[in-house]
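> curious how this folds, go ahead:
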Amino acid sequence: MTARILSRLAAVATLPALLLAGCGPTEQFPPICPSIALLADAADLTQYNGKGRDLTDLVIDGRIATVPAKCQRGGKGIVNVKLKVNAAVVRGPAFAGRDVTVPIIVGVAQGDTVLDRKAYTLAGQFKSNTDTVPIGSDEINLDFPVTEQKPASLYRIYIGFQLTPDELALNRRRGPR
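The predicted structure follows:
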């Protein structure tokens, strides 16, 4: 009877191996993905009207809120990342109109070397009697060439608002919020 139990246990133990036998290594697990980072000095956007820095001169105050992303295998030797950039924008007393558009930058680096960067815009419309609007980008597709020696984890995706020198200096003075 013990031999019979052992043979059944052996059969059950080999079942997962048999089920996975048809799967190649590229189909078993999702790919290793690049990391995504917000640029600390460019995660906020505060715009004023003219040279004034009083609350009455505030046009908009924005913050990148989320960056949902999905990583998957592309063609042979490619990892594809699809992401969206979502922000919240508050209008200030100096804001005119209802439509708001803000520029962002999405960059790709490997180590300390910037490989590529591209400007995008986030757009939205304030509803009446509303001071805050959520805005988001269209889906952004990035393809990363990979090999066994160069996995996608060697890349980093950087995201931030495209700032003027004055806006960047303000963010650095006040620090992250």
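> pull the number of nearby residues for the closest residue to Ala42 other than its chain neighbours.
The spatially closest residue to Ala42, leaving aside those adjacent along the chain, is Gly160, at 2.7 Å (C-beta to C-beta, 6 or more residues apart in numbering). Every residue, glycine included, has its C-beta placed from N, CA and C. Gly160 has 22 neighbouring residues, counting by other C-beta atoms under 10 Å.
> surely Asp131 and Val90 touch.
Yes: the pair formed by Asp131 and Val90 meets the contact definition of C-beta atoms under 8 Å, at 5.6 Å.
> the two: which is more packed in?
Val90 (17 against 12).
> residues touching the more buried one, list them.
Contacts here follow C-beta atoms under 8 Å, 6 or more residues apart in numbering; on that basis Val90 touches Ile60, Asp61, Gly62, Asp131, Thr132.
> switch to 6 Å and redo it
With contacts defined as C-beta atoms under 6 Å, 6 or more residues apart in numbering, Val90 is in contact with Asp61, Asp131, Thr132.
> secondary structure element for the first one?
When elements are defined using DSSP states H and E, Asp61 is found to belong to strand 58-66.
> so what strands line up beside that strand?
Within its sheet, and counting by DSSP bridges, strand 58-66 is paired with strand 44-48 (antiparallel), strand 86-91 (antiparallel).
> would you mind finding the most buried of these?
When the strands paired with strand 58-66 are scored by mean count of other C-beta atoms under 10 Å, the highest mean neighbour count falls to strand 44-48 (a mean of 22).
> quick one: mean pLDDT over that strand.
In this model, strand 44-48 has a mean pLDDT of 96.
> please apply the same query to stretch 85-97.
When pLDDT is averaged over stretch 85-97, the result is 96.
> in the helix or strand where Ile104 lies, which residues are buried?
Secondary structure from DSSP H and E places Ile104 in strand 99-110. By neighbour count on 16 or more other C-beta atoms under 10 Å, the buried set for strand 99-110 is Val100, Val102, Ile104, Ile105, Val106, Gly107, Val108, Ala109.
> so what strands line up beside that strand?
strand 113-125 (antiparallel), strand 155-161 (antiparallel).
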